[in-house]
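Engineer: What shape does this take:
(chains A and B, ligands or ions: 1)
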Amino acid sequence: MTSVSGWGRFPVVDSEVLRPRSFGAVDAAVVAGSVARGNGRAYGDAAIGAARTIAMTGFDRIRSFDPATGRIRLEAGVLLSDLIDTFGPQGFLPFVVPGTRFVSVGGAIAADVHGKNHHGEGGFGRYVDSILLRTGAGETIEVSREQNSDAFFATVGGMGLTGVILDAAMRLRRVETGWIRERVVSASDLDAAMRALEAGNSATYSVAWIDCAARGRDLGRSLIYLGEHARADELAERADRFPVGKKPGLTVPVDLPSMTLNRYSIRAFNELYYRMGARRAGADHVVSLYPYFFPLDSINEWNRIYGRRGFLQHQCVIPEAGAREVLGEILERVAKRGDASFLAVLKKLGYGDGLLSFPQPGYTLALDFPVKGDILNFLEEIDRIVVAAGGRLYLAKDARQSRATFEAGYPALSRFKAIRRSLDPACNIRSKLSQRLFDEVKP
Amino acid sequence: MTSRKSVLVLGGSSDIGRAAARAFAKAGYDVALAGRDVAALEPDAADLRARYNIEASTRTFDVLDTASFDGFVAGLPALPDVVISIVGLLGVQQDAESDLAHATTIMRSNYEGPALILGLFAEKFLARGSGTIVGVSSVAGDRGRASNYVYGSAKAGFSAFLSGLRARTSRGGVHVVTVKPGFVRTRMTEGLKLIGPLTVEAPVVGDAILNAVEKKIDVIYVSGKWRLVMFIIKTLPEALFKKLKF
Ligand SMILES: Cc1cc2nc3c(=O)[nH]c(=O)nc-3n(C[C@H](O)[C@H](O)[C@H](O)COP(=O)(O)OP(=O)(O)OC[C@H]3O[C@@H](n4cnc5c(N)ncnc54)[C@H](O)[C@@H]3O)c2cc1C
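Structural biologist: Numbering: from 1, shown residues only, chains lettered A, B, ... in the order given. Model prediction:
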């Protein structure tokens, strides 16, 4: 038994961790209460097996790549950072990347991760053609939109609960360069931010960073980052076609005392961040894909700035109708508390593909909170607002929502459960998250 | 026919072997992976081809089967530019203290086999007038310790072999690199207590080997910190050293 936790370092629980080296060894590793783990970037308890956690990052081989079409077949433990570093210079990138590049392909499929392009291009699963899945019943099956399609749509976004993803075939995007043509728009309040995101609907990438310490007239003031892949002729004379992705330079050496983050330091940081961003607003400029997509990746182990007790991310999506009022209400409560993250992220989402995929058309808001005080009660209150608005919470970020909140947000759950039962009648595949939210078998 | 350089990796399925193969393939080398279980090496060869558009092949090689070495070298389609031996076996010190067969396997896997096969390549390289030989030894060979002297002594023998070979072949256009990784997070060290700041990931070792080959460096410790640590450990007086339990 080892103590395991997700990226948010809450909760910390016991699970046996196994690191198989061959697909045969994966077979042997699956027992009752197992789930696969990629690179551990889910915040809460999704990647922790009820009894046993099967670490997959050792499976990092590319099986084949066709530079004519961008089709690739690869093992599930390959990290997106590895894909970008290897195939970027050859003119190919993943279609969808989340806010960190240190996630595995298996984890990206299992969470059907969304990027800054979800409003136009959908989630990670949309570019996956087929998956080799090791089910809880001990079978290894190929699932795709044509073959075992039920299992395919349960696996995309299924949080590892249909089985262990061994490898996958998918498509990469052809790009001329590794640079992004970025435009920053500053928005003085929530209405302006939502208008700017709406107007940015035609941009390939768009996301807003909200200053969640701002209140009153400034409530929801933000910087909206729009982006397009830069063409070669848009690069300055000498710029390399593909920028170098630096290894994280800084490491947060110890858990910072939770004092470090307080309403004053957060407010000061946000003020500075907003002003510096607003100064860059307006004209297009070209930035490397790394800071554009992965602003936090340059600091190793940044999760330690929230202190020893860890932190929670609350990420919800609110349907478009009525979103303005609901988001305003949530932001107002958060600003009043004063201990939320430096920055909140707001973006538009489109339709999700998988049965349990998080995205649905509307606005998604992500907030970080250090674990302390009455935070769990506070987030319960926020959940009630989300549920009332017809919204839901993202499982890859969740460590605490209630069964009721989850069931209200995911109407396809019963269909998902039926498919899971057919793939794994004994319900061998189980995580701490599934135990918490919907398993029918007792631990 | 290509004019690309080529590297042969003995012990190609180890984590360091895979990392070294990737580093060289990325730099444009054609790669041959050799190991006991060729079928297991095939996915790694396919990985290198798919990533780097180079040629990658696999060959059977067993470091304990010294009788097969002449045939192995003669059977290669071409003499590589670089040969790397990453073969090794940590074994279990406590078992080796009473089980002669286990001790023998550790000694042969870390010293006899690697030294003999690299010695053979040295002769071929000298005849050609060029080539690079890389032996992955260990800091454990710098001084015998109570906790792993069977392994350490074999690595010490291997390190001495490499330094002698280097002295002899350098005038013949052949370069010998000794690699002394400290703690590396690999399958071999899984479950052992490693000291965080002194531990590196396998890809760091792979890149360091490529760098040493291209820059003609003789001995590398991978993480500079180890040079200092081993300097201190080597200079402790024996009277004191024997009292230390590590
Ligand atoms: C800084 C940061 C920014 C982020 N930004 C975004 C974002 O913008 N958009 C977004 O969608 N997400 C985002 N995330 C969340 C992250 O993308 C997801 O949690 C992703 O699933 C993590 O991948 P992983 O490889 O680390 O998987 P893990 O965290 O290890 O696992 C996540 C889930 O995938 C399952 N899983 C992993 N590997 C396999 C496999 N081989 N077979 C079956 N199931 C498997 C696990 O069981 C678990 O349910 C962010 C996370 C961080 C830390």
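
Engineer: Counting neighbours, what do you get for the nearest residue to A:Q401 once chain neighbours are set aside?
Structural biologist: Computed as C-beta to C-beta, 6 or more residues apart in numbering or on different chains, the closest residue to A:Q401 that is not its neighbour in sequence is A:L393, at 5.1 Å. Quick note: C-beta positions are derived from backbone N, CA and C, even for glycine. A:L393 has 25 neighbours, counted by other C-beta atoms under 10 Å in any protein chain shown.

Engineer: Tell me who's in contact with A:L393.
Structural biologist: Residues near A:L393 by C-beta atoms under 8 Å, 6 or more residues apart in numbering or on different chains: A:H314, A:Q315, A:C316, A:F358, A:D383, A:V386, A:Q401, A:T405, A:F406, A:G409.

Engineer: mind listing the strands for chain B?
Structural biologist: Taking DSSP state E, the strands of chain B run over residues B:6-10, B:30-35, B:56-60, B:82-85, B:131-136, B:174-179, B:183-185, B:199-201, B:219-220.

Engineer: Let's have those in TSV, adding mean neighbour count, distance to B:D207 and mean pLDDT.
Structural biologist: Compiled in TSV, the strands of chain B are given as follows (neighbours: other C-beta atoms under 10 Å in any protein chain shown; distance: least, C-beta to C-beta, whole Å; pLDDT from 0 to 100):
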stretch	mean neighbour count	distance to B:D207	mean pLDDT
strand B:6-10	26	14	98
strand B:30-35	25	15	98
strand B:56-60	19	18	98
strand B:82-85	27	13	98
strand B:131-136	25	13	98
strand B:174-179	23	12	97
strand B:183-185	19	13	79
strand B:199-201	15	10	79
strand B:219-220	18	11	94
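
Engineer: is any part of the helix or strand bottoming out on mean pLDDT in chain A close to chain B?
Structural biologist: One helix or strand of chain A scores below all others by mean pLDDT, DSSP states H and E: strand A:250-251, with a mean of 72. No. Using C-beta under 8 Å from any C-beta of the partner chain, strand A:250-251 stays clear of chain B, with a minimum separation of 10.6 Å.

Engineer: cool, and stretch A:129-148?
Structural biologist: No. Using C-beta under 8 Å from any C-beta, stretch A:129-148 never reaches chain B; the gap is at least 13.2 Å.

Engineer: measure that stretch end to end?
Structural biologist: 12 Å (C-alpha to C-alpha, to the nearest Å).

Engineer: May I ask you to name the longest helix in chain B?
Structural biologist: Secondary structure of chain B read by DSSP state H shows that its longest helix is helix B:149-169.

Engineer: Name the residues that touch it?
Structural biologist: For helix B:149-169, contacts defined as C-beta under 8 Å, 6+ apart pick out B:88-91, B:93, B:96-97, B:103, B:106-107, B:109-111, B:114-115, B:118-119, B:122, B:125-126, B:133, B:135, B:137-138, B:140-145, B:175-176, B:178, B:180, B:218-219.

Engineer: Now the buried members of those.
Structural biologist: For the contacts of helix B:149-169, a burial check counting by 16 or more other C-beta atoms under 10 Å in any protein chain shown picks out B:88-91, B:93, B:96, B:103, B:106-107, B:109-111, B:114-115, B:118, B:122, B:125-126, B:133, B:135, B:137-138, B:140-145, B:175-176, B:178, B:180, B:219.

Engineer: Give me the nearest residue to A:A214, chain neighbours excluded.
Structural biologist: What sits nearest to A:A214 in space, not counting adjacent residues and going by C-beta to C-beta, 6+ apart, is A:R221, at 4.8 Å.

Engineer: separation between A:S288 and A:G99?
Structural biologist: According to C-beta to C-beta, to the nearest Å, A:S288 and A:G99 sit 15 Å apart.

Engineer: Kindly report the residues of chain A close to the ligand.
Structural biologist: Proximity of chain A to the ligand, by C-beta under 6 Å from any ligand atom, involves residues A:7, A:35-42, A:46-47, A:56, A:76, A:98-100, A:103-104, A:106-108, A:110-111, A:113-114, A:159-160, A:164-165, A:296, A:396, A:431.
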